[in-house]
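Trainee: Build me a structure from this.
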Amino acid sequence: MMWLAVVCAVIAAFFLAFGAQRQGTAVQNNTGGLALGSSGFLRLLRNPRWVFGLLLLGAGMALNVVALTLGTLTVIQPIGSIALVITTIVNSRDQGIRLNRATVVAITACVTGSALFVLMAVNVVSENTHVKSSEELTVVMLLAIVIVIFGGSLVMFKHRLKAFFYILGAGVLFGFVAVLTRIISRQIFDPNGLFLLNVQWYSIIALAAAGGLGSWFVQSAYASGPPDLVIAGLTVIDPMVGIAIGITILGELRPDVPPVVAISMAGAALLAIVGVVALSRHHPDVVKRRADAKREQRK
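Mentor: Numbering: from 1, shown residues only. As a prediction, the model looks like this:
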């Protein structure tokens with residue numbers, strides 16, 4: 001089952017990559033690099049490129065749900081880093097952008113860190129088929145705090161927020177979405193045969209709130225940054241949040257993990273995170289926007 005889950009996650013990464021690239025370019029063309037507003041979002045609903053990207057993302061998310069149902073968070077989540085490579089190649093060709101050396105190094109760090117983490121995690125995870133009510137409630141309460149923090153920041157500092165804030169927020173929120181998706185899917189397919197009756201109402205509300213706010217953050221990030229930067233944040237921050245919850249709350253890591261493996265996993269995660277930070281600073285599109293902003297200030 002685990003390897004079937006891995007295959008589904010890999011295919012999902014391809015759909016997510018192409019969907020993100022289509023939506024990212026549609027949002028940037030629609031907003032011209034300005035903040036995304038409600039009127040701009042309504043225009044996107046009539047944009048064929050954006051809608052096609054949405055369909056691709058939907059297919060990718062569906063496959064990811066299957067992967068999360070069959071596998072563990074610790075293994076499945078980091079596989080999404082494949083989407084970063086695909087998005088970067090497709091977007092650079094589509095927009096005629098020549099990637100600089102710093103960007104290539106940053107992407108390599110993201111993918112290498114995530115890949116090493118997966119290879120080590122496959123051998124040290126312990127399948128937790130049942131999530132206790134206390135564990136589920138803990139996840140929902142933590143998510144409520146996260147929503148208040150990011151939602152409050154969006155309301156109070158909307159016009160001063162940069163792409164990295166939206167990427168960070170989306171990554172954290174979708175990390176919780178992945179966790180809740182796995183919990184709910186396990187409850188639906190529980191052998192007791194109760195299906196939806198196993199699902200807690202507060203988990204569904206939490207999933208909808210996190211998914212809605214996270215989706216707005218993603219679209220806002222597209223408006224102020226390149227799609228490959230957005231995917232980089234999501235494929236690193238999202239998995240790290242999901243994995244942290246899977247290990248600390250859901251108990252997916254075996255208790256007999258050798259210290260050297262645990263340290264190596266932490267090092268791989270740090271390498272991937274450093275790659276995202278570097279990408280957010282040195283991507284050609286980001287560098288160009290920074291230079292344009294400086295020229296505007298001098299006028």
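Trainee: Run a quick neighbour tally on Gly152.
Mentor: By the criterion of other C-beta atoms under 10 Å, Gly152 has 10 neighbours. Heads up, the C-betas are built off the backbone N, CA and C, glycines and all.
Trainee: tell me the pLDDT at it?
Mentor: At Gly152, the model reports a pLDDT of 90.
Trainee: Helices of the stretch 1-150 of the chain, residue ranges please.
Mentor: 2-31, 38-44, 48-70, 73-76, 82-95, 101-121, 133-156 (DSSP state H, counting those that start in this stretch).
Trainee: Return the distance of the first one from the chain's centre.
Mentor: In other words, helix 2-31. 10 Å (C-alpha atoms, centre = their mean, to the nearest Å).
Trainee: wait, Pro227 sits on Gly19?
Mentor: No - Pro227 is not in contact with Gly19 according to C-beta atoms under 8 Å; the separation is 9.6 Å.
Trainee: Which one's more surrounded, the two?
Mentor: Applying other C-beta under 10 Å to Pro227 and Gly19 shows that Pro227 carries more neighbours, namely 29 against 25.
Trainee: what sits against that one?
Mentor: 20-21, 23-25, 87, 91 (C-beta atoms under 8 Å, 6 or more residues apart in numbering).
Trainee: show me the contacts for the most centrally placed residue in the chain.
Mentor: Centroid check for the chain by C-alpha atoms, centre = their mean gives Leu234 as the closest residue, at 2.8 Å. Applying C-beta under 8 Å, 6+ apart to Leu234 gives the contacts 80, 167, 170-171, 174, 218.
Trainee: roughly how far apart are it and Gly24?
Mentor: Using C-beta to C-beta, to the nearest Å, Leu234 is found at 12 Å from Gly24.
Trainee: Quick check, pLDDT for the closest residue to Leu99 other than its chain neighbours.
Mentor: Spatial nearest neighbour of Leu99, chain neighbours left out: Ser92 (5.6 Å); criterion: C-beta to C-beta, 6 or more residues apart in numbering. pLDDT, Ser92: 77.
Trainee: Test my guess that Ser92 contacts Asn100.
Mentor: No - using C-beta under 8 Å as the test, Ser92 is too far from Asn100 to be in contact (10.8 Å).
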